[in-house]
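>>> dropping the sequence and predicted coords here.
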Amino acid sequence: MGWNIALEQYATAQRAAGRAKGTIRLHRHYLTGLAEVVTAPWRATAVELLEFMGREEWQPETRKSARSSVRGFYRWGHGMGYVEHDPSDRLPSVTVPASVARPTPEHLVKVLAARSDRLGFMAMLAAYCGLRAGEIARLHSSWLVGDSLVIPGKGGKERAVPVVHRGLLVRLRKVEGWAFPNGQGSHLSPGHVSRLLSEAMPEDWTAHTLRHRCASTAYAGTRDMFAVQELLGHSRPETTRRYVRLPDDAVRAAVAAASA
C-alpha cells in the first residue's frame, strides 16, 4: 500500500472517530512531509522516523505536534494489521518549554475595539470573549443564544461564552449568517483572520495575544483558573496557565494569606 491510499484510509478513520477537520489536515501535513523521506509507509524503520523528527529547524511545539501525528498514524496502522511492529513506539517524548503569556496591551485593545469595521469586531471577539482565530472565522448568527455564544468545538463539544460587553452584543445581534463571509458562500479562513488582525496591530501582537489578554484580565478579575479554562475552551488547566499573566499583586496576596 502506498502513501496516498494509506493517508486516505487514515483520514477516513479519523473522521469516523469524530476528529475535527483541522486536526485531520494537520496530521496529513506532517505525514505528507514524512512521505518525502520514507518511500513506503509500512516499511518505515525507527531510525528513519527519528531522522524525520530530528529536523533542526523545528521548534519544540512543532516537533511535539509532528510526533503526535506520526504516533497516531502508526498506532492505527499497527491496529489494522498493516505493520507488524510499530516503528514509532521508540520515538522520544518532546518537552515544550513553558511559554510566557503576552497579553495585548489595553490601550491597543481599546483602539481596535473602537473600530466600526470587521477588524474591530474580530478584535473584540478575541479580547473580550477569548475566541480563537478559527472560531472567529466560523462565527455564525446561529451561535448567539440569548446573550451567550454557544461555540461548537472538537468532538462535538460545545462551550457557552456569555457576552457581557454591550457594544459587542449589539454587533452580534446584527449578524445574519456568517459574520465574516468570504464572498463565495462560506466564511473566511482562520489564517486570513489571523493575518488581518496581525496586520492591524503594531510590532508582533497577534490574534493569539488578544486571547492572552482575555485570559489574563479574566483571571485578574476572578482569581479562578478553572473559570478561565472553561472560557477559553481548554481541556487541561496547564494549557490555560500558559495564557495567563499573573497580576502584579498575586504573589504578594498569596504570601499575605499564608502569613496571616
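In hand now; what should we look at?

>>> helices along the stretch 101-250 of the chain, start to end?
In the stretch 101-250 of the chain, the helices defined using DSSP state H, counting those that start in this stretch lie at 106-113, 118-129, 133-138, 166-173, 190-200, 207-222, 225-232, 237-241, 250-259.

>>> report the rounded mean pLDDT for the fourth one.
For helix 166-173, mean pLDDT is 96.

>>> that helix: how far from the chain's middle?
25 Å (C-alpha atoms, centre = their mean, to the nearest Å).

>>> outside of it, which residues touch it?
Ala113, Phe121, Met124, Leu125, Tyr128, Cys129, Leu144, Asp147, Leu149, Val163, Ala179 (C-beta atoms under 8 Å, 6 or more residues apart in numbering). The C-beta positions use only the backbone N, C-alpha and C, and glycine is treated the same way.

>>> who wins for neighbours among the residues you listed?
Leu125 (30 neighbours; other C-beta atoms under 10 Å).

>>> now it. Nearest residue, chain neighbours left out?
Leu131 (4.5 Å; C-beta to C-beta, 6 or more residues apart in numbering).

>>> break this structure into its domains for me.
Domain segmentation of the chain under automatic domain parsing yields 3-80, 106-253.

>>> ends of the last one, what's the gap?
From the first residue to the last, domain 106-253 extends over 23 Å; the measure is C-alpha to C-alpha, to the nearest Å.

>>> re the thing from before, looking at the helices of the stretch 101-250 of the chain, which has the lowest confidence?
If the helices of the stretch 101-250 of the chain are sorted by mean pLDDT, helix 250-259 sits at the bottom with a mean of 83.

>>> residues in contact with that helix?
Arg223.

>>> helix 207-222 and that one, what's the angle between them?
30 degrees (axes from the mean of the first three to the mean of the last three C-alpha atoms, to 10 degrees).

>>> heads up, I number from 5, so please use that
Sure, I'll start numbering at 5, so the last one becomes helix 254-263.

>>> off-centre distance for helix 254-263?
Per C-alpha atoms, centre = their mean, the displacement of helix 254-263 from the mean C-alpha position of its chain is 33 Å.

>>> tell me which residues of the longest helix along the chain are tucked away?
In the chain, taking DSSP state H as the definition, the longest helix is helix 64-84. Residues 67-74, 76-78, 80-82 are the ones in helix 64-84 that count as buried (16 or more other C-beta atoms under 10 Å).

>>> show me what it is packed against.
helix 7-20, helix 25-39, helix 50-57 (3 or more C-beta pairs under 8 Å, 6 or more residues apart in numbering; DSSP states H and E).

>>> let's see the last one as PDB, backbone CA atoms only.
Output of helix 50-57 as PDB, limited to C-alpha atoms (Å, rounded to 0.1, in the frame of the first residue of the first chain):
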ATOM      1  CA  ALA A  50      12.600   3.500  13.700                       C
ATOM      2  CA  VAL A  51      15.800   5.200  12.500                       C
ATOM      3  CA  GLU A  52      14.000   6.800   9.600                       C
ATOM      4  CA  LEU A  53      11.300   8.200  11.900                       C
ATOM      5  CA  LEU A  54      14.000   9.500  14.300                       C
ATOM      6  CA  GLU A  55      15.800  11.300  11.400                       C
ATOM      7  CA  PHE A  56      12.500  12.900  10.400                       C
ATOM      8  CA  MET A  57      11.700  14.000  13.900                       C
END
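
>>> what packs against that helix?
Using 3+ C-beta pairs under 8 Å, 6+ apart: helix 50-57 touches helix 25-39, helix 64-84.

>>> try it again with 7 Å
Judged by 3 or more C-beta pairs under 7 Å, 6 or more residues apart in numbering; DSSP states H and E, helix 50-57 is in contact with helix 64-84.

>>> export the helix it packs on to PDB, keeping only CA atoms.
The C-alpha trace of helix 64-84 is given here as PDB (Å, rounded to 0.1, in the frame of the first residue of the first chain):
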ATOM      1  CA  PRO A  64       9.600  22.300  20.200                       C
ATOM      2  CA  GLU A  65       5.900  22.900  19.600                       C
ATOM      3  CA  THR A  66       6.200  21.800  16.000                       C
ATOM      4  CA  ARG A  67       8.200  18.700  16.900                       C
ATOM      5  CA  LYS A  68       5.700  17.700  19.500                       C
ATOM      6  CA  SER A  69       2.800  18.100  17.100                       C
ATOM      7  CA  ALA A  70       4.700  16.100  14.400                       C
ATOM      8  CA  ARG A  71       5.400  13.300  16.900                       C
ATOM      9  CA  SER A  72       1.700  13.100  17.800                       C
ATOM     10  CA  SER A  73       0.800  12.800  14.100                       C
ATOM     11  CA  VAL A  74       3.300  10.100  13.400                       C
ATOM     12  CA  ARG A  75       2.500   8.100  16.600                       C
ATOM     13  CA  GLY A  76      -1.200   8.300  15.800                       C
ATOM     14  CA  PHE A  77      -0.700   7.100  12.200                       C
ATOM     15  CA  TYR A  78       1.400   4.100  13.100                       C
ATOM     16  CA  ARG A  79      -0.700   3.100  16.100                       C
ATOM     17  CA  TRP A  80      -3.600   3.000  13.700                       C
ATOM     18  CA  GLY A  81      -1.600   1.000  11.100                       C
ATOM     19  CA  HIS A  82      -0.500  -1.500  13.700                       C
ATOM     20  CA  GLY A  83      -4.000  -1.900  14.900                       C
ATOM     21  CA  MET A  84      -5.200  -2.500  11.400                       C
END
